[in-house]
Structures are given as C-alpha cells and as structure tokens.
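# Need coordinates for the below:
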Amino acid sequence: MANRRRRLTGVVAKDKMDKTVVVEVTRTTIHPLYRKVMRVASRYMAHDEQNLARVGDEVAIVESRPVSKRKRWTLETVLVSASGSAVSAAEAEAEAEAASDINRHSDGSTKPQTRARSCLFVFWV
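Next up, the predicted model:
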C-alpha cells in the first residue's frame, strides 16, 4: 500500500525554536472574480528532530500525527541548503585563518591600523 501522506516543499522562514522550523509554502491560484494569478503563501510549523534546517533552506515536509498544538508536519529532507554547498569545519577554519592574515601588521600584531590625525580644538574661555 502506498504512503498517502501529503508532501509539500517550501522555504524555511524561522528556525529559532528547538526541534521546530516554520516553513513557508508558496502556491499560485487564480482570483475567482478578477482572474488574476496570485501568489499565496502559507506557513506550517514542522518538527525537525535533529535541527538540520536553517533559514533560507528549501525543504520537503510531510504530513504526520499531531506533535503539539500547532505542529502537524515533519521535516522529511533538506533539498537545497541556503549556503549552496556544505562547507566542512576544516575549510571554514582555513578561510578564517587566511582572513586574519590579511589584518596582520609587519610587527605581528592584529590591532586595527590607525592614522595619526591632527585636530585643532579651540576652547573659548
């Protein structure tokens, strides 16, 4: 027997909650009177057990049993990451090191470079 649960794809709008994401699903519909094509967005709270999804990720959610008062969907997969590609921790550390080398001075310090300014303050007595 085939799995008949509904599946939707959308973009993660919020991920601040623990094990919960808010997914915005956009669909097009035609206005009944004016016959204009409209974009309608619906927001669904979905259960994300491993906290995988981040804001901007395109995800697939699947209908499930009620998890809480407003959560009736579960995160199935992350289709497209917001960053575009997964970056390993070693690569991120190497990029941070390269960026910090740019800010180093000839004496080895990392303090911000400042220029000596000559300012003339006049105080009236």
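# all strands of the chain, in order?
7-14, 20-30, 37-47, 58-63, 71-80 (DSSP state E).
# For these, could you give me CSV that also reports mean neighbour count?
No exception for glycine: its C-beta is placed from N, CA and C like everyone else's. Listed next are the strands of the chain as CSV, based on neighbours: other C-beta atoms under 10 Å:
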stretch, mean neighbour count
strand 7-14, 17
strand 20-30, 15
strand 37-47, 13
strand 58-63, 18
strand 71-80, 17
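# Mind putting those strands into JSON lines with mean pLDDT?
As requested, these are exported to JSON lines (pLDDT from 0 to 100):
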{"stretch": "strand 7-14", "mean pLDDT": "97"}
{"stretch": "strand 20-30", "mean pLDDT": "97"}
{"stretch": "strand 37-47", "mean pLDDT": "98"}
{"stretch": "strand 58-63", "mean pLDDT": "97"}
{"stretch": "strand 71-80", "mean pLDDT": "96"}
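# For the residue nearest to G10 when sequence neighbours are not counted, name its beta-bridge partners.
Leaving aside its chain neighbours, G10 sits nearest to V25 (3.7 Å; criterion: C-beta to C-beta, 6 or more residues apart in numbering). Counting by DSSP bridges, V25 is bridged to S42.
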